[in-house]
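S.K.: When you get a sec, could you give me coordinates for this:
(chains A, B and C)
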Amino acid sequence: MDVQFSQESINEINRIIAQYPKERKKSALLPVLHVVQKETNGWLSVDTMDKVADILAIKPIEVYEVVTFYTMYFTKPVGKYVIEVCQTGPCMICGSDKIVSYLESKLGIKVGETTSDNIFTLRTVECLGACGYAPMLQIGEQYYENLTEERIDQIIHELGSTYSDKY
Amino acid sequence: MGVQLLLEHLNKPEINTIDGYIKQGGYRTLDKVLGKMTPDEVTEEVKTAGLRGRGGAGFPTGMKWSFLDKSTDKPRYLLCNADESEPGTFKDRLLMEKIPHLLIEGMIVSSYALGCRTSYIYIRGEYMFILRILEKAIKEAYAKGFLGENIKGSGYSLDLYVHPGAGAYICGEETALIESLEGKRGNPRIKPPFPAVSGLWGCPTIVNNVESIAAVVPILNMGGSEYAKIGIGRSTGTKLISASGNINKPGVYEIELGLPVEEFIYSDEYCGGIKGGLDIKACVPGGSSVPILPKSLLFKESNGNPRLMSYESLSEGGFETGSMLGSGGFIVYDEKQCIVKNTWTFARFYHHESCGQCSPCREGTIWLDKVLYNIEHGLGKESDIDLLWDIQHGIEGNTICPLGDAAAWPVAAAIRHFRHEFEYHVKYPHRVKDDDHVYQPEMNYTTA
Amino acid sequence: MKVTIDDISIDVPPGTTILEAARMIGENVPPTMCYYSKLEGSGGKCRSCLVKVTKGSEKDPRPMPKLVASCRTNVMDGMEVKNTTSPEVLQARKSVTEFLLINHPIDCPVCDQAGECDLQDLSYEHGLSKSRYDFKKRIFDLIDIGENIQMHMTRCIMCYRCVMVADQLTPERVHGVLNRGEASEISTYIQKAIDNEFSGNMIDVCPVGALTDKTFRFKSRVWFTKPVYAHRDCKTCSGKVTLWYQGAEVLRVTGRKNKWHEVEEFICNDCRFHKKNTEDWVIESAATISRHSVISQNLNVYEKPVIHKKLQEKPKSE
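M.R.: Numbers count the residues shown, from 1 in each chain, chains lettered A, B, ... in the order given. The predicted model follows:
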């Protein structure tokens, strides 16, 4: 299947490629994958990855190797919003466990799962560099810090209510 | 508040814009340095300042620069390590988010010192919102002629780009960072060759932490010898400390190196004491990989002198009674925290972040994680504690990169200083299964 | 350049690694699970060849602070190295062996590599008699990489040699290392045959039974077969091979391996998989198995690991 990217993404990809010497196109792989993943519903299919390999003139396996190494790329479909709760030491001692279980019960899913309406995916992640503002979570490019249950209610409502009255 | 060199203008209006930054004296070093000082003179200033790498290892920055192989005609690269991922550390983020031009200014003069035409800032992928801030700031700097061809008529040209990672702690290791920038898996390289000889695309490369590069700006403004007067002994200058955990005022503080640890924790100027009036149990002073110190060793060195926030004082006594300043990730634990659980989350972290290239780290980190999980969840055996010790010992020093040591040290230190908590967990598994399972010294366990 | 390993000195050219120097001495050689002299960039990963440098060089006599991978560390003039004479090295090797085994299935009874497996040798020399790993071992989904090569990811020790074979000998690499940490695996990601003229060499370089020859699968045990050197006129490769006979039947064809279990020359898939008749070959002689191995029992030259005489006399000390 032929994958097509929007003109906007293609421009962005070209801008990124130009940041590296001509013969080092492969260096653009990580930033290009970020651009592409955003466009392809937040995850990378084999076709998408092959297309990226094609653009950067590298072998498909080189893309698979990289995609499966880094935690920010998804190789399976995810919800519209991926909620990533930090659970490492400094967040843990400030109550990240409770945040995770609250989210689980609120969304009716376990960590690693996606809500049936494909709006939210819940994940736990390791340190995101917000230890002083713990507990915290990340959704997309946004950090949400100093979390409380009320704050979570608010976040979920703000994001989810556009799509469903469930939230 | 002590001397502020990096965060001095943190709360000034529009300090995140180039005009706001210039208003506070920003980009002065360009006039002072470009075309006026030779690159070697800049390096000398940094050497004189005694600046030590702020990323964790504490290696003298000027000396690192002098290792750069200048005998080839290959391009040279300066890479800024903004892959801040060490649990407990969030200082670079503040610097880049609030005062992005300080880093850019530092990158320009540092690149000049190293003779680089192109430099990159490698930032962790999760900090994408900061990448946007940096790219905007870089655009502003290009517009003012501070980047690009012939900067301010000096004849020096530099291109600066930001490169995002994608979720891998290991890319904070300099050779893994280079691999990642080359579009590969973040597998650390086997050294030698060192990056200063063969780094990015086989070219001479220097990798420096965000804070180190930012510190070059005040060093050049005030002169290396003035900078060296700040701090204590070989710990010169100021250091950003990320304070987190059970304290009243978590956040990032710029301290003059040499501040007593006790003052840092209890002074209202800094951490403001322990939350809820509780007692302190322990502290990890330099990011998750450095040894945890119990209260009894935290405020005093083994010789009775007060323990200070400096490279030397924090490591006084070796790992038996000391720790490390590391990246300045200062995590404080109150008396109600469970050391076993904390150690387990760290072990889980290193298990999650091991690249998997070399066997001791790949297999050892998962083993530590599993054994600690069992102990924490009331499934441990008494022999597990010695097993943990053996595993961490088998990892330490035997791996390609320092991640192995980083995984081993917290486990070793936890057992060394808090063995009783581990023993409590394996002896009273039914208690451990309860929610509130933290070892309390005053409890009478014999009747349990 | 003069280097001293376990009190035995040798002169070597600049650029020689400690491991190569030890191999030149010929005895007391650190084990290698990932290094392969014929593959560029190999080594440094398994950590089983760690040694202690007690003197850096004549110029800078400071010892190195950590144990170093002998396969990736060049000798300096006057360097002094301890291998089996260092308890620290032996302890590290013991740990590495244990780490390599905790998730290994130890299914030697059904593994075709048994008898010529580097991991068996390593555990025989440095392993514990009992596992201390109480957990379920790691498993992977079986993937099919084509009609000639069988892959068992559970046995893999992540030496990266097969990836290097694909990079350095074949036109296009279709397999690689996926995922990370302990979940790392050799895979093609999508079901794909690894099929090209030289892919069979992945079997020869694999130190364990992760990649084995499907045409030999379950046919015999290596110690029941008799190795014979032979050659043929091959347009693709040198055509110099070892034939493994059971009775009059050629059960398997491999490259010729030296004392360090490395092939002398890589061979093509045609020679390896499709020339299984004696008529295809010119027979040279019985193969010598110069390394210690159960295979050599047929030739009555079975030897235990060689320790230099000079060291046997001395009590171990540090």
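S.K.: can you pull out the strands in chain A?
M.R.: A:81-86, A:120-125, A:137-139, A:142-144 (DSSP state E).
S.K.: will you turn these into JSON lines that also has mean neighbour count?
M.R.: For glycine as for every other residue, the C-beta is placed from the backbone atoms N, C-alpha and C. Shown next, in JSON lines, are the strands of chain A (neighbours: other C-beta atoms under 10 Å in any protein chain shown):
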{"stretch": "strand A:81-86", "mean neighbour count": "24"}
{"stretch": "strand A:120-125", "mean neighbour count": "22"}
{"stretch": "strand A:137-139", "mean neighbour count": "22"}
{"stretch": "strand A:142-144", "mean neighbour count": "17"}
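S.K.: Secondary structure element holding B:Gly326?
M.R.: Assigned by DSSP states H and E, B:Gly326 belongs to neither a helix nor a strand.
S.K.: Near it, how many other residues are there?
M.R.: For B:Gly326, the neighbour count with other C-beta atoms under 10 Å in any protein chain shown is 27.
S.K.: do the one 3 residues further on as well
M.R.: The local packing of B:Gly329 (other C-beta under 10 Å) involves 31 other residues.
S.K.: those helices in the stretch 301-448 of chain B, which residues are they?
M.R.: Per DSSP state H, counting those that start in this stretch, the stretch 301-448 of chain B carries helices over the ranges B:311-314, B:318-321, B:339-353, B:359-376, B:383-395, B:403-427, B:429-432.
S.K.: Specify the residue positioned farthest from the middle of chain C.
M.R.: C:Lys59 (34.6 Å; C-alpha atoms, centre = their mean).
S.K.: still on that earlier bit, to C:Lys38, which of the helices of the stretch 301-448 of chain B lies closest?
M.R.: Among these, the nearest to C:Lys38 by C-beta to C-beta is helix B:359-376 (21.8 Å).
S.K.: Okay, strands next: where are they in the stretch 151-300 of chain C?
M.R.: Under the criterion DSSP state E, counting those that start in this stretch, the stretch 151-300 of chain C contains strands at C:176-178, C:185-187, C:211-213, C:226-231, C:240-246, C:249-255, C:282-286.
S.K.: Neighbouring strands - and their directions - for the third one?
M.R.: I take that to be strand C:211-213. If you go by DSSP bridges, strand C:211-213 pairs up with strand C:149-151 (antiparallel).
S.K.: Can you lay out the strands of the stretch 151-300 of chain C as TSV showing mean neighbour count, distance to B:His393 and mean pLDDT?
M.R.: As requested, those are exported to TSV (neighbours: other C-beta atoms under 10 Å in any protein chain shown; distance: least, C-beta to C-beta, whole Å; pLDDT from 0 to 100):
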stretch	mean neighbour count	distance to B:His393	mean pLDDT
strand C:176-178	23	28	95
strand C:185-187	23	28	93
strand C:211-213	24	33	95
strand C:226-231	19	41	93
strand C:240-246	21	42	94
strand C:249-255	21	39	95
strand C:282-286	12	46	91
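S.K.: Make a markdown table from those and add distance to B:Asp19 to it.
M.R.: Below are those laid out as a markdown table (distance: least, C-beta to C-beta, whole Å):
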| stretch | distance to B:Asp19 |
| --- | --- |
| strand C:176-178 | 48 |
| strand C:185-187 | 53 |
| strand C:211-213 | 62 |
| strand C:226-231 | 78 |
| strand C:240-246 | 74 |
| strand C:249-255 | 69 |
| strand C:282-286 | 82 |
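S.K.: tell me the contacts of the closest residue to A:Arg123 other than its chain neighbours?
M.R.: Nearest residue to A:Arg123 in three dimensions, chain neighbours excluded: A:Glu84, at 4.9 Å (C-beta to C-beta, 6 or more residues apart in numbering or on different chains). Going by C-beta atoms under 8 Å, 6 or more residues apart in numbering or on different chains, A:Glu84 touches A:123-125, A:128, A:137-139.
S.K.: For A:Glu84, name its beta-bridge partners.
M.R.: Beta-bridge partners, per DSSP bridges, of A:Glu84: A:Arg123, A:Gln138.
S.K.: For it, give me the pLDDT.
M.R.: The model reports A:Glu84 with a pLDDT of 96.
S.K.: Look up how far B:Ser323 lies from it.
M.R.: 30 Å (C-beta to C-beta, to the nearest Å).
S.K.: same question, A:Leu30
M.R.: 34 Å.
S.K.: Smallest gap between chain B and chain C, at which residue?
M.R.: Here chain B gets closest to chain C at one residue, B:Gly394, 3.0 Å apart by C-beta to the nearest C-beta.
S.K.: pLDDT score assigned to the closest residue to that residue other than its chain neighbours?
M.R.: Of all residues not flanking B:Gly394 in the chain, C:Ser95 sits nearest, at 3.0 Å (C-beta to C-beta, 6+ apart). Listed pLDDT for C:Ser95 reads 96.
S.K.: cool, and A:Gly160?
M.R.: Looking at A:Gly160, the pLDDT reads 88.
S.K.: For the spatially closest residue to it that is not a sequence neighbour, which residues are in contact?
M.R.: Leaving aside its chain neighbours, A:Gly160 sits nearest to A:Tyr167 (3.1 Å; criterion: C-beta to C-beta, 6+ apart). By C-beta under 8 Å, 6+ apart, the contact list for A:Tyr167 reads A:119, A:156-157, A:159-161.
S.K.: same question, B:Tyr156
M.R.: Contacts of B:Tyr156 by C-beta under 8 Å, 6+ apart are B:34-35, B:112, B:150.
S.K.: ok, residues contacting the helix or strand of chain A with the lowest mean pLDDT?
M.R.: One helix or strand of chain A scores below all others by mean pLDDT, DSSP states H and E: helix A:89-92, with a mean of 90. Contacts to helix A:89-92, defined as C-beta under 8 Å, 6+ apart, come from residues A:85, A:127, A:130-132, A:134-136, B:87-88, B:244-245, B:284, B:288, B:331, B:341-342, B:345-346, B:349.
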